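> this one's structure only:
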C-alpha cells in the first residue's frame, strides 16, 4: 500500500504540463501572433511581434497583404524582464477544451525558441467562451508584456 501511494505521489509530481523555467541567456526569440477573425479585408488585421535580445519587429497584414512593418530597439535587460514575466506567468502547453471546432474566430499564438529549437508553442483559438486558457498559465499578462515592446501598436493596426 505504501509503495502504491509513493508511486502515485511520484507520478502526480511528474507531469507533461510542467511550468516553464526559461533561462534568459538561452532564449533567442519570443513570437506572439494574433490571427484576426474572418472579416472583410478592409477590417482584417492579423499581426506578429518577434522579439529577440535587443529588438522587436512587428508585421501587420490583411489576408497576406503586408500593411505595416516596424522595428524597435531596447536593452538586453528589458528582454530579461520579459523572460522573467513569462516564467512568473507559469505558461505550460495545454490542449484546447474547445469541442465546438468553429471557423472564422480570432486566435493567438506564443512561441519561444532557444537557438533554432522551439521550446514552447501554444495556440489558443477564441471559439469557445468557456475556453480552458487559465490552465495554460497567465497568457494575458505575457501578451500585454509582449505588446509593450511595440509602443505604436494601435496606430499600426489602424
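Great, that's in hand. All values derive from a computational prediction rather than experimental measurement. Numbers count the residues shown, from 1 in each chain.
> quick one: end-to-end distance for stretch 103-117.
30 Å (Cα to Cα, to the nearest Å).
> which residues touch that stretch?
Applying Cβ atoms under 8 Å, 6 or more residues apart in numbering, the contact partners of stretch 103-117 are 20, 22, 26-38, 86, 91, 118-127, 139, 142-143, 146. C-betas here are computed from N, CA, C, even on glycine.
> ok, now with 7 Å
Stretch 103-117 has contacts (Cβ atoms under 7 Å, 6 or more residues apart in numbering) with 22, 26-38, 118-127, 142-143.
> avg pLDDT for it?
What stretch 103-117 shows for mean pLDDT is 91.
> just stretch 141-156 next, same as before
The model assigns stretch 141-156 a mean pLDDT of 96.
> contacts for it next, please.
Outside stretch 141-156, the residues that reach it (Cβ under 7 Å, 6+ apart) are 30, 32, 49, 51, 56, 58, 60, 68, 70, 72, 74, 82, 85-86, 89, 91, 108, 110.
> for stretch 35-50, same thing?
29, 31-34, 56-63, 104-107, 146, 149-150, 157.
> ok, for residue 82, nearest residue in space, not its chain neighbours?
residue 145 (5.6 Å; Cβ to Cβ, 6 or more residues apart in numbering).
> where's that neighbour, which helix or strand?
Residue 145 is part of helix 139-147, with elements assigned from DSSP states H and E.
> need the helices for the protein, in chain order.
Under the criterion DSSP state H, the chain contains helices at 2-13, 76-88, 139-147, 153-157.
> run the angle between the longest one and helix 139-147 for me.
Per axes from the mean of the first three to the mean of the last three Cα atoms, to 10 degrees, the angle that helix 76-88 makes with helix 139-147 is 170 degrees.
> buried stuff in helix 76-88?
78-79, 82-83, 85-87 (16 or more other Cβ atoms under 10 Å).
> and if you look at the last one?
Buried residues in helix 153-157, counted by 16+ other Cβ under 10 Å: 153, 156-157.
> ok, now the third one?
Judged by neighbour count using 16+ other Cβ under 10 Å, the buried positions of helix 139-147 are 139, 142-143, 145-147.
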